[in-house]
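Visitor: Have a look; sequence and predicted model below, questions after that.
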Amino acid sequence: MNKLQFFCTFAAVALFFTAVAAQAQSATDEKLTIIRTKDALGFLKPVPVNVSGFTGEADATLKADLLFMGVQHVPLDQAQYLVTGSVAGRVEGRLTDKPTKAIKLNKAYNGGTTRQQIHTFADDIAKALTGLPGIALSKMAFKAEKGVGRSEIYIADYDGYGAQAVTSDNTIVASPTWRGRDMLVYTSYKLGNPNIFSHHLTSGARAAVARHPGGNYSGVVSPDGSRVAMILSKGGSPDLYVANIDGSGLKQLTKTRESESSPCWSPDGKTICYGSRERGPTLLFTISASGGAPRHLATTGAPSPTEPDWSPDGKWIAFTSQTRTFQICIVQANDGRGGTAIPLVEGEDPSWAPNSRTLLFCRGRDHAKQLSLLDVPTKQVKTLNRILESNSQPSWAK
Amino acid sequence: MKLAKSAHLLAVALALSFTVVGCKKGLDKTTGIPGRGPGSIVDSNPNPIRDLPPSNPVPPFNPNGNNTDTTSSNPPFNPNKDETGGIAAAKGDFTGWIENRDEFAALTVYFDFDKSNVKPGEVSKLEEVAQKMKSSFQGKALRIEGHCDERGTEEYNRALGDRRALSIRETLVNLGLNPEMLPTITFGEEKPADPGHNDTAFSKNRRGELILLSPPGSN
């Protein structure tokens, strides 16, 4: 009994001191001025850094993380900043301004896995150098096919590591999108028809968002999480609808004989962009989320645009253009007018990162697709590891 | 016993606090990484969606009855499509109906690239289907499955396959069949008839399949 009492007292005292230690951490010198230059499209030019001291997986992970956040590893003589550090039980890292030798960042990382520590260090560097939110700890969801007509939803780290199955429906499950960071909305054929469900990731609880007669698919959650835009064919033709996340308050936004497809939300939640064949060829349109007249969004130079995704900063709409192959393009949202499309790389179904710089997309033949990351301004691409037979429809958690 | 428990709790809290704070070795900051333990996703099986109440209650289907829309205050069902929409989707639940995929396998309807209209050359197939449904399959239903080739993005094709199935349905309604006995489903590009990646395969994959459905318990 005495022993226990002693241990309790010791533990309480130790706990108190660790709490003090946590508070006593001094702030790094943040007075340095960072000069950020932009390219012709307004994206930050990659900040040249030299990474040293890391080896193997840690080194490769850190350099890839930085690349997709606008910080590029270059030879020492071309670097503006030095990233140094080590992995010895834990990740320790420093960011130094090369000309002035001023230390911008000096941290050690504990807990989690080495990958998570490296990702956190990369986020800290990117935030310090670009001012943009880090993406290295972000998550994505995607569709993984395990055979023809059988697919499930998976979630993974943004770089494809740590993939986990979310569904086990043994049918077609497709088109995942996030609601916050703990819920997905997707289409499942589990009950026969394609229906839209919400799925709470920690409890596993599922609820129907749309189970109307006919098709229910391409559901996508509004940025505030309250509504879902989707395609329903209950009226006899695939049209655009919005409803509350629980399926109530259903409102039809388009009524065309031809099909509408793949909606997305503007970051302010006021506008929906979608594809339609209303005028013959497939074109992108925007429409007020509360209803009104559709307006054509120009994608000059990019035929058959589908799968729009609006960047979180509101400036860009990424989409898939189709000629003989699929092409990832971006176009300025331009207040719903669009403009001249900028082709980036071969691929389909782009999804923006929270930093409005990086895209996830997929490419490859049907039933053998792979996910890839794309740094939009530099067009650098990294192909991610494949889960099961085919991966597509990536959705980046914002 | 109570004390032992609190000691245990404190030990855990202590271990956690060390994990978060770590040791300082002349560094300015230490950052704890929030752990993401395995199994943070609970499998969905404990909550089978079969048990959930449908978000859109469907009235019991009566294949011999007068299948008008009774779920809302809409005007009575009008099989003549309006100028912009189409014929409302079949509201019945055909779960458990017996599938016969062979009966109309030879009458699969094929489409042109990126088109959803039933080609004039394909209409005779649907005339034959309508005739058989009226003469031999009274009380049975026909499920129309819309499919696409892979030259189109996935969700675009899901909508296109839907539109194809609905076009076939419209043709069959115009040939005198009851729309409530014609459920449709789209598979987009998910289920190609030919797994090839060439024009021959593509032309076989742009199709509408017709599946005869018999009520449970019938022969």
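Guide: Sure thing, it's come through. Note that the coordinates shown come from a computational prediction; the quantities given were computed from them, not determined experimentally. Numbering: from 1, shown residues only, chains lettered A, B, ... in the order given.
Visitor: residue boundaries of the helices in the chain?
Guide: Because you didn't say which chain, this covers chain A. Using DSSP state H, the helices of chain A run over A:2-23, A:56-67, A:114-130.
Visitor: looking at chain B here, not the other one
Guide: In chain B, the segments counted as helices under DSSP H are B:2-21, B:120-135, B:154-174, B:199-205.
Visitor: And those helices, which one averages the lowest pLDDT?
Guide: Looking over those, mean pLDDT reaches its minimum on helix B:2-21, with a mean of 45.
Visitor: Just give the number of residues close to B:G217.
Guide: Counted with other CB atoms under 10 Å in any protein chain shown, the neighbours of B:G217 add up to 7. Heads up, the C-betas are built off the backbone N, CA and C, glycines and all.
Visitor: One more: A:T55?
Guide: A count of nearby residues for A:T55, using other CB under 10 Å, gives 9.
Visitor: So what are the structural domains in chain B, by residue number?
Guide: Domain assignment of chain B by automatic domain parsing yields the ranges B:1-30, B:98-214.
Visitor: so which of the ones you listed comes closest to A:G280?
Guide: Among the domains of chain B, domain B:98-214 comes nearest to A:G280, with 10.6 Å by CB to CB.
Visitor: where does chain B dip in pLDDT?
Guide: Judged against pLDDT under 70, the low-scoring parts of chain B cover residues B:1-85, B:219.
Visitor: Residue in it with the shortest distance to chain A?
Guide: Per CB to the nearest CB, the residue of chain B with the smallest distance to chain A is B:G86, at 2.4 Å.
Visitor: my read: A:S395 touches A:F142, true?
Guide: Yes - in terms of CB atoms under 8 Å, A:S395 counts as a neighbour of A:F142; the distance is 7.0 Å.
Visitor: Give me the common contacts of these two.
Guide: A shared contact of A:S395 and A:F142, defined by CB atoms under 8 Å, 6 or more residues apart in numbering or on different chains, is any residue touching both; here these are A:P176.
Visitor: Check the gap between the residue of chain B closest to chain A and B:G217 for me.
Guide: 32 Å (CB to CB, to the nearest Å).
Visitor: What's the per-residue pLDDT of whichever residue of the stretch 101-250 of chain A sits closest to chain B here?
Guide: Per CB to the nearest CB, A:G236 is where the stretch 101-250 of chain A lies closest to chain B, at 2.4 Å. Among the per-residue scores, A:G236 shows a pLDDT of 95.
Visitor: ok, for the residue of chain B closest to chain A, nearest residue in space, not its chain neighbours?
Guide: Counting by CB to CB, 6 or more residues apart in numbering or on different chains, the nearest residue to B:G86 once its immediate chain neighbours are dropped is A:G236, at 2.4 Å.
Visitor: still on that earlier bit, what is the neighbour count of the residue of chain B closest to chain A?
Guide: Residues contacting B:G86 under the criterion other CB under 10 Å number 25.
Visitor: hang on, isn't it packed against A:S237?
Guide: Yes - judged on CB under 8 Å, B:G86 makes contact with A:S237 at a distance of 4.2 Å.
Visitor: re the thing from before, is the residue nearest to B:G86 in contact with B:R163, as I believe?
Guide: No - the pair formed by A:G236 and B:R163 falls short of the contact definition of CB under 8 Å, at 10.0 Å.
Visitor: In terms of neighbours, single out the busier of these two.
Guide: With neighbours defined as other CB under 10 Å, A:G236 and B:R163 compare such that B:R163 has more, 29 against 24.
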